[in-house]
Structure formats: C-alpha cells, structure tokens
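Visitor: Give me the fold of what follows.
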Amino acid sequence: MDIIKIENLEVEAIIGIHAWEREVRQLINVNLEMEFDSRRAGKTDNIYYALDYKKVTKTLIELIKEAKSKLIENLAEIIATKVLTEFPVKSVKLEVSKLGALRGSKSVGIIIKRQI
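Guide: Residues are numbered from 1 along each chain as shown. Model (predicted):
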C-alpha cells in the first residue's frame, strides 16, 4: 500500500475543557497519512482512480470546525472514523495538535493509528 499525506492543515476550532475554551476558537494542526492503493492512478494517470485529497481536506475542515470536542483525543477519533468511513483508505495515521496549549510549548497533541 501507498501513503497519501496531508501535512500541517490548520483549522480554528472550539476545543478544550475550560469554560473560556468553549467560547473561543483555537488553532488546531492536523497531519494525516492515509494508506491507499495508488497503483491504478499511477499507471493510468487518471484522476478517477486517485484519492481525492482536496475532498478529504474540505471534509476535515468542516468536521473540525463543527466538532466542538473537549479533548484532542476525541477530535482525533472523530477525524479518523470519518476518513475511514467516507474514503477508500485502509488505514490512517493521524496527528492532531492544539497550538499554544501550554506556555513554553509550540503545541500539545496526539498521534493515533486506525484501520478498517
């Protein structure tokens, strides 16, 4: 299998457990690797056989903006489930980071791997 990746997708979202976090949008960074058999697309040079990563990205942006998760663990699970159920991928490796979550740190995040 091959890996299609989306790197450093930044989306503003409501996320967090504190009351103030439920009222402001915070920046979330997503890195996604999707296991997908791209041989047919590579051999034919036909977009029909490729993974539509633009559609994946639009789906993720909409999902993250609407999710309103309290935990990044929950947001990661929601994203992984959506990708695995809506797109022809065998597995996902996903990193979700909350930028600026801790003083002195660029981000805090989680990396998960899920498969069908």
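
Visitor: For the protein, just list every one of the strands.
Guide: Along the chain, counting by DSSP state E, strands occupy 2-13, 26-36, 91-99, 107-115.

Visitor: What's the separation between residue 110 and residue 53?
Guide: Distance from residue 110 to residue 53, counting by Cβ to Cβ, to the nearest Å: 22 Å. Bear in mind the C-beta positions are built from the backbone N, C-alpha and C, glycine included.

Visitor: List the residues that contact residue 80.
Guide: Neighbour list for residue 80: 92, 94, 112, 114 [criterion: Cβ atoms under 8 Å, 6 or more residues apart in numbering].

Visitor: related to what we said a few turns ago, can I get the strands of the chain in TSV including mean neighbour count and mean pLDDT?
Guide: Listed next are the strands of the chain as TSV, based on neighbours: other Cβ atoms under 10 Å; pLDDT from 0 to 100:
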stretch	mean neighbour count	mean pLDDT
strand 2-13	14	97
strand 26-36	19	97
strand 91-99	20	97
strand 107-115	14	96
